[in-house]
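Student: coords please:
(one chain, ligands or ions: 1)
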Amino acid sequence: MKFKSPPVNSLSLDFLTEFCISLEKLENDRACRGVILTSAVPKIFSSGLDITEMCGKSTEHYAEFWRAVQEMWLRLYSSNMVTVAAVNGSSPAGGCLIALTCDYRIMAENPKFSIGLNEAQLGIVAPFWFKDTFVNVVGHRVAERSLQLGSLHSAPEAHRIGLVDELVPEEKLKDRATAVMQQWLALPDHARQLTKTMMRKAVLDRLVAHREEDVQNFISFISKESIQKSLRMYMEMLKKKKS
Ligand SMILES: CC/C=C\C/C=C\C/C=C\C/C=C/C(=O)SCCNC(=O)CCNC(=O)[C@H](O)C(C)(C)COP(=O)(O)OP(=O)(O)OC[C@H]1O[C@@H](n2cnc3c(N)ncnc32)[C@H](O)[C@@H]1OP(=O)(O)O
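Tutor: Numbers count the residues shown, from 1 in each chain. The predicted structure is shown next:
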């Protein structure tokens with residue numbers, strides 16, 4: 001599956017809805033046992049949640065948007081398919097979450113590409129299930145430091161801390177992702193799927209049990225004037241960086 005929402009594959013409500021529909025179709029297709037996620041936009045895997053969806057909108061809109069973010073994560077983290085992220089560009093925040101939610105991450109070894117949960121830099125807080133997914137990949141200490149600092153790690157650093165499983169030259173990314181997929185698909189599906197469920201169930205159950213509470217927390221957090229101001233300033237900073 002190739003993300004193609006220029007300029008930066010930001011995760012808008014429309015993007016998330018289409019992503020979930022596509023995943024559901026693949027999940028229900030008995031002939032499909034695995035999916036490789038990558039980007040058709042040069043240099044960017046995904047710029048994370050679309051900040052414009054979280055700025056100056058109604059409470060109803062925030063609720064709908066956040067449910068779509070939750071749905072994307074719940075479907076991908078619990079997928080029966082083998083999921084491989086072929087990270088061919090930068091991947092901050094929600095983009096990093098998508099990669100973390102997969103079974104395996106391969107990143108192009110370009111030191112200009114960065115990845116991480118940088119929410120703190122925007123003055124916002126990564127929700128508990130972003131944090132749980134991160135901890136499950138890199139461990140508590142690395143996750144804590146990285147989250148508090150809102151770090152964006154260069155590709156080599158991301159590999160060093162275990163955020164991505166391997167680095168390959170960009171032109172070899174597709175072949176390597178295919179080889180990894182074949183390796184994972186060589187195992188009997190039922191054994192691999194039950195193992196995946198065992199490893200991920202506690203974290204998935206936690207969001208399922210607190211889903212509505214999480215929506216309400218998001219709404220009350222994102223509606224604060226101080227948070228809205230931080231997001232507006234961040235968007236302005238992105239625009240200024242260009243000029
Ligand atoms: C107690 C807690 C309770 C509940 C939790 C509450 C809150 C937590 C909620 C959410 C968690 C948030 C998760 C996120 O994902 S937030 C998004 C974080 N993303 C980023 O920080 C990335 C920002 N973008 C960049 O750094 C660069 O754009 C990038 C490196 C991706 C690409 O750089 P490049 O130079 O190639 O492009 P730009 O000129 O910067 O961008 C082009 C264009 O796109 C716009 N843009 C970029 N990113 C976003 C985005 N994420 N959303 C919306 N729009 C984006 C950028 O402004 C440019 O627009 P324009 O100037 O109009 O062309």
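Student: can we go C-alpha only for contacts and neighbour counts from here?
Tutor: OK.
Student: for the chain, what spans make up the helices?
Tutor: Assigned by DSSP state H, the helices in the chain fall at 13-28, 59-77, 94-101, 128-138, 140-149, 155-160, 173-185, 189-209, 211-222, 225-242.
Student: who in the protein is up against the ligand?
Tutor: Those residues of the chain that sit near the ligand, judged by CA under 6 Å from any ligand atom, are 7-8, 10, 47-52, 90, 92-94, 119, 124-127, 217-218, 221-222, 235, 238-239, 242.
Student: are any of these buried, and which?
Tutor: 8, 10, 47-50, 90, 92-94, 119, 124-126, 218, 222, 235 (16 or more other CA atoms under 10 Å).
Student: in strands only, show me these.
Tutor: In this view, these that belong to strands under DSSP state E are Ser90, Pro92.
Student: can you tell me the closest non-neighbouring residue to Thr197?
Tutor: Closest residue to Thr197 apart from its sequence neighbours, by CA to CA, 6 or more residues apart in numbering: Ser78 at 7.0 Å.
Student: wait, that neighbour sits on Met198?
Tutor: No: using CA atoms under 8 Å, Ser78 makes no contact with Met198, being 10.5 Å away.
Student: from Phe15, how far off is Asp29?
Tutor: With distances taken as CA to CA, to the nearest Å, Asp29 is found 21 Å from Phe15.
Student: who's more crowded, those two?
Tutor: Phe15 (18 against 10; other CA atoms under 10 Å).
Student: show me what contacts the more buried one?
Tutor: In this structure, Phe15 makes contact with Ser5, judged by CA atoms under 8 Å, 6 or more residues apart in numbering.
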